[in-house]
Every structure is written in C-alpha cells, then in structure tokens.
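Participant: Next input, structure requested:
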Amino acid sequence: MFPERIETDRLVLEAVTHENVDVFELYRHTAHDAPHIDEITEHLSWDPHATPKQTKEFIDWAEKNRNEAIGAEYVIKPKDEEGSAGEIAGTTGLNVDWEKRTGALGLWLRKPFWGRGYSGERAGALMELAFDRLDLELVAIEHLAGNEKSRRAIEKYVEAHGGQYDGILRNRRPDGDDVRDSHRFTVTREQWEASRAEETS
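Facilitator: Modelled structure (predicted):
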C-alpha cells in the first residue's frame, strides 16, 4: 500500500520498520538527553523517549499501522549532495482516515536540519503519494498554537500546492496538564492538480 522508499530532489524517505531503522540510532535522536530535544519537541505531540524501549515501541506502532494500511512513517535522510548525507534528519508520516478520504501529514526535524526547506519538499512527495497512489481527496496539516516556525513552513508549501488555512481548532491536543489549540490547513485533490498543471504550463 505504502512505498518502502520515496526519493525527492534532496531527500530519501525510508519506511520506519525494524529492517530499515536501528532502534539505538533513532533513540540517539529522540532520547531525553538528545541535543536540542526540548526545543524540538516543545510544540510536538510526543515527548522525548526515556528509554530505547519507547523507541522500539514507536517502530512497532509504525509497522503495525503500515501493515494495517492506516498510515506510514518514514525516516528522512539527506542525499549525498546535501550536508550530513545519510544521517537521520527526522521523521515524517502520512496517516489515513479512509472513511473521510483524508491523509494527515506529520513531521519533526532535528535542529541542524531546520531552515533547509525539507518540510515543503517531503510534503510535496507525501501529497503525491496521497493523491496519485492512494486516491485520497484531501490532505490536512496541523500545527499547535505558538509554533511559528512550523506555521511559516506550512503556509509556504500549502500555498504552493493551492491549499488554504481552514482555521483554529480549540482545545485540540492534550499537552501534560494543559490542552492546546491547533491550526489546520488543507489541500484538496483539485487544488493540488491545478497547481501541478500551472507548474507544467
């Protein structure tokens, strides 16, 4: 259902499976003491991993979702021409609600990879997967209120693919003792196809 590997101009996305991803290598970047981890996860829906067991459980979960065709998670690695080629830059995912014909995008990147435009590049690849291969009708992206870096990146690639800002979802995500608002953006199949037609015209 979901490809094992996706390539873009600068990136390789490899499915998060035990065959592709070493638990301890991924843990090194998601652990409670990983560089910049508190800054990285400040506006994310997951907390730093306390032990390698949590990382293993994440890979288990990703494999289960993939096998059940619920979604796919990918590690992001820069290609040879990029700085830090072959390193894990972060992970991204496409989770599918088949009844709603909707795919939801997720992403986190290690701080050394911020500002390179990787967010938009992998989003384009996952939209192509959602619309061309999976025949979905809508791709949705959310970010938590206060995450201005993500907002700017999302606005840029959503606009490039013809989409729009839908609005704020109040009390959307539990976060410790708090509940946080989330901002939602969407791109429809029609918008995406129109933007592709403009690119080639």
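Participant: When you work out contacts or count neighbours from here on, use the C-alpha atoms and nothing else.
Facilitator: Fine.
Participant: how about low-confidence regions in this structure?
Facilitator: Applying pLDDT under 70 to the chain flags no residue at all.
Participant: where exactly do the helices run in it?
Facilitator: For the chain, helices defined by DSSP state H occupy the ranges 23-30, 37-41, 52-67, 118-128, 148-160, 189-200.
Participant: now for these, which one comes closest to residue 101?
Facilitator: helix 189-200 (10.5 Å; C-alpha to C-alpha).
Participant: Just the C-alpha atoms of the closest one, please, in CSV.
Facilitator: Extracted C-alpha coordinates of helix 189-200, given in CSV (Å, rounded to 0.1, in the frame of the first residue of the first chain):
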residue,chain,number,x,y,z
ARG,A,189,-7.1,16.9,-4.8
GLU,A,190,-8.5,19.6,-7.2
GLN,A,191,-6.3,22.3,-5.8
TRP,A,192,-3.2,20.1,-6.0
GLU,A,193,-3.9,19.1,-9.6
ALA,A,194,-4.5,22.7,-10.6
SER,A,195,-1.2,23.7,-9.0
ARG,A,196,0.6,21.0,-10.9
ALA,A,197,-1.0,22.0,-14.1
GLU,A,198,0.2,25.6,-13.6
GLU,A,199,3.8,24.3,-13.0
THR,A,200,3.8,22.5,-16.3
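Participant: roughly how far out does that helix sit from the chain middle?
Facilitator: 22 Å (C-alpha atoms, centre = their mean, to the nearest Å).
Participant: returning to that earlier point: may I see the helices of the chain arranged in TSV, with mean neighbour count as well?
Facilitator: Shown next, in TSV, are the helices of the chain (neighbours: other C-alpha atoms under 10 Å):
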stretch	mean neighbour count
helix 23-30	19
helix 37-41	15
helix 52-67	17
helix 118-128	20
helix 148-160	16
helix 189-200	14
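Participant: Out of those helices, which gets nearest to residue 138?
Facilitator: helix 189-200 (6.0 Å).
Participant: elements contacting the closest one?
Facilitator: Packing partners of helix 189-200 (3 or more C-alpha pairs under 8 Å, 6 or more residues apart in numbering; DSSP states H and E): none among the helices and strands.
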